[in-house]
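1. kindly return the folded structure for what I paste below:
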Amino acid sequence: MADISGQESKSLDSSNDESQRNVGFVDSLRNSSLQRFIAATMFWGTGHQLINLAQGYLLFELTGSTLWLATLGAAVGIPNVIVGVLGGVLADRIPRIRMLKIGAFIAGTPMLMIGILYSTDSLEPWHVVVAGMFQGSGLAIDWISRLSLLPDVVPKKILVRSISLDQSIFNGARVAGPLIGGFLLGAAGPGVAYGVIAGLFGMALLIYTTFQPVSQVVRAKSAGVISDLLEVGRVIRDRPILRMNLMFTFVNALMLGGMVFIIPAFAKEIFNTDERGLGFLFAGVGTGAVVGAMTMSWSGGVRRAGPVLLITDILFGSFVIIWAHTSDILVAMPFAFLLGFFNSVHVALGIAVIQFNVPAEVRGRVIGAYEIAWSGFALGGLASGSLAAIFGLRASLTILATGLIVFTIVVATVSSKFRASRIE
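-> Got it, this is the predicted structure:
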């Protein structure tokens with residue numbers, strides 16, 4: 001397949017572009033490339049959500065230690081940063097569809113191995129940690145490639161709607177994945193659960209082999225890796241909104257990841273629930289995220305992005321604190337929904353701001369920087385697991401959420417450009 005990154009863009013079907021001018025939500029779904037894109041997102045996203053639930057659950061069952069959960073966070077996060085740098089450069093050099101295939105293979109194969117090791121009673125905690133390293137690497141490659149590709153799949157007039165729709169599908173996986181995972185872990189055990197994870201990545205890989213983008217972009221000859229990295233540095237330096245948004249993404253991801261990695265410990269020690277209850281806890285956050293993303297998709301986005309990004313971050317952090325101090329799972333669920341809702345709106349807007357402010361020829365590398373910022377998700381597991389070992393579970397999330405709120409207030413106070421940022 002031809003490379004789709006670079007400087008000169010050409011339409012493969014100009015009549016299709018013309019037919020999609022000023023279309024609404026329902027009509028945008030008729031785009032065949034977008035259909036395949038979101039179908040792959042459904043399988044890929046469900047696989048990753050099952051990993052998030054199964055890895056933490058299995059590791060905590062094996063060790064009973066939040067420090068092991070912290071180690072898992074580091075194992076996912078560090079490769080995520082390294083591959084984020086390399087993946088951004090590669091996404092502007094080689095076909096992004098090929099990158100998607102590589103990412104699915106890297107993430108799915110170790111999960112199949114974990115299932116085999118568990119089924120043969122050979123699994124050790126370090127196996128789960130090593131699988132986490134591959135998960136972080138595969139996630140970085142896939143995420144960079146799919147976000148770099150999306151603007152080449154759909155016309156700009158429906159880009160915000162398409163981003164939100166794709167996020168809706170991904171967040172739908174945040175509901176389905178934990179519910180499926182909780183049932184599988186309780187009824188069939190981790191061996192079957194990990195086999196299903198590998199199968200989901202296989203389905204995503206199959207869809208990638210049939211995918212045909214609407215448009216392609218032919219990249220001019222590169223001057224070299226160092227030059228490529230310097231170029232993306234200049235783009236971020238010259239666009240303050242990008243710099244600030246990347247900082248926001250890291251801090252936001254740190255909080256979300258800190259919560260996600262430590263939920264298995266909350267389920268067992270605070271809510272006194274089993275695998276199915278753990279699935280419901282994850283699904284509560286995911287349900288709110290789906291509604292938030294769908295709200296953005298139906299509305300077509302928010303033009304005054306700056307104020308909404310600030311407000312949703314403060315609300316997200318506030319509801320995390322409330323959630324952390326509940327003791328009953330039924331009381332916790334509404335707050336899980338609310339924190340998921342406001343986080344989802346924040347993320348969808350943040351992606352849109354980047355897409356609307358990045359030249360096509362450096363999009364892959366800027367998305368690579370965005371993925372590095374999202375490495376805060378896994379590093380949040382390192383932070384929350386370590387803090388929990390010292391101060392306790394509730395205090396660990398309270399500390400992280402307070403840091404998020406303080407950071408947001410500081411940005412709102414000192415950065416008038418961020419407050420005024422818009423999506424045009």
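2. neighbours around the closest residue in space to Arg419 that isn't next to it in sequence, how many?
-> Sequence neighbours aside, Gly306 is the residue nearest to Arg419 in space, at 4.7 Å (criterion: Cβ to Cβ, 6 or more residues apart in numbering). Any C-beta I mention is one placed from the backbone N, CA and C, and that applies to glycine too. Gly306 has 24 neighbours, counted by other Cβ atoms under 10 Å.
3. what helix or strand does Gly306 sit in?
-> Assigned by DSSP states H and E, Gly306 falls within helix 305-324.
4. who touches that helix?
-> Outside helix 305-324, the residues that touch it by Cβ atoms under 8 Å, 6 or more residues apart in numbering are 245, 248, 252, 255, 259, 266, 302, 332, 335-336, 338-339, 342-343, 345-346, 349-350, 352-353, 393-394, 397-398, 400-402, 404-405, 408-409, 411-412, 418-423.
5. give me that answer again for 6 Å
-> Helix 305-324 is contacted by residues 302, 332, 335-336, 338-339, 342-343, 345-346, 349, 353, 394, 397-398, 401, 404-405, 408, 412, 418-421, 423 when judged by Cβ atoms under 6 Å, 6 or more residues apart in numbering.
6. then stretch 339-353?
-> 160, 163-164, 167, 171, 245, 249, 285, 288-289, 291-293, 296, 301, 305, 308-309, 312-313, 315-316, 319-320, 423.
7. if we go to 7 Å?
-> Stretch 339-353 has contacts (Cβ atoms under 7 Å, 6 or more residues apart in numbering) with 147, 160, 163-164, 167, 171, 241, 245, 248-249, 252, 256, 285-289, 291-293, 295-296, 301-302, 305, 308-309, 312-313, 315-316, 319-320, 323, 421, 423.
8. can you check stretch 284-294 too?
-> By Cβ under 7 Å, 6+ apart, stretch 284-294 touches 164, 167-168, 171-172, 174-175, 178, 333, 336-345, 348.
9. got a ChimeraX select line for the buried ones in those?
-> This is how ChimeraX selects the buried members of the contacts of stretch 284-294, with burial counted by 16 or more other Cβ atoms under 10 Å:
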select :164,167,168,171,172,174,175,178,333,336,337,338,339,340,341,342,343,344,345,348
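10. just the ones in helices from the contacts of stretch 284-294, please.
-> Residues of the contacts of stretch 284-294 located in helices (DSSP state H): 164, 167-168, 171-172, 174-175, 178, 333, 336-345, 348.
11. okay, helices next: where are they in the stretch 201-350 of the chain?
-> 225-238, 240-269, 275-299, 305-324, 329-355 (DSSP state H, counting those that start in this stretch).
12. nearest to Leu72, out of those helices?
-> Judged by Cβ to Cβ, the one of these that comes nearest to Leu72 is helix 240-269, at 6.9 Å.
13. the closest one to helix 329-355, inter-axis angle?
-> If you take axes from the mean of the first three to the mean of the last three Cα atoms, to 10 degrees, helix 240-269 sits at 160 degrees to helix 329-355.
14. in helix 240-269, which residues are buried?
-> 241-246, 248-268.
15. give the closest residue to Gln49 in space, chain neighbours not counted.
-> Using Cβ to Cβ, 6+ apart and skipping the chain neighbours, the partner closest in space to Gln49 is Gly177 (2.7 Å).
16. show me the contacts for that neighbour.
-> Gly177 is in contact with Thr46, Gln49, Leu50, Leu53, counting by Cβ under 7 Å, 6+ apart.
17. show me what the helix or strand where the last one lies is packed against.
-> I take that to be Leu53. Using DSSP H and E, Leu53 falls within helix 32-63. Under the contact definition 3 or more Cβ pairs under 7 Å, 6 or more residues apart in numbering; DSSP states H and E, helix 32-63 sits against helix 66-91, helix 96-119, helix 125-153, helix 159-187, helix 190-208, helix 240-269, helix 275-299.
18. so what does the second one touch, helix or strand wise?
-> With contacts defined as 3+ Cβ pairs under 7 Å, 6+ apart, the packing partners of helix 96-119 are helix 32-63, helix 125-153, helix 190-208.
19. could you dump those to CSV with mean neighbour count and mean pLDDT?
-> Output for the helices and strands packed on helix 96-119, formatted as CSV (neighbours: other Cβ atoms under 10 Å; pLDDT from 0 to 100):
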stretch, mean neighbour count, mean pLDDT
helix 32-63, 22, 85
helix 125-153, 24, 82
helix 190-208, 21, 91
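20. the ones you listed into TSV, with extra columns for distance to Leu72?
-> Formatted as TSV, the helices and strands packed on helix 96-119 follow (distance: least, Cβ to Cβ, whole Å):
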stretch	distance to Leu72
helix 32-63	6
helix 125-153	5
helix 190-208	15
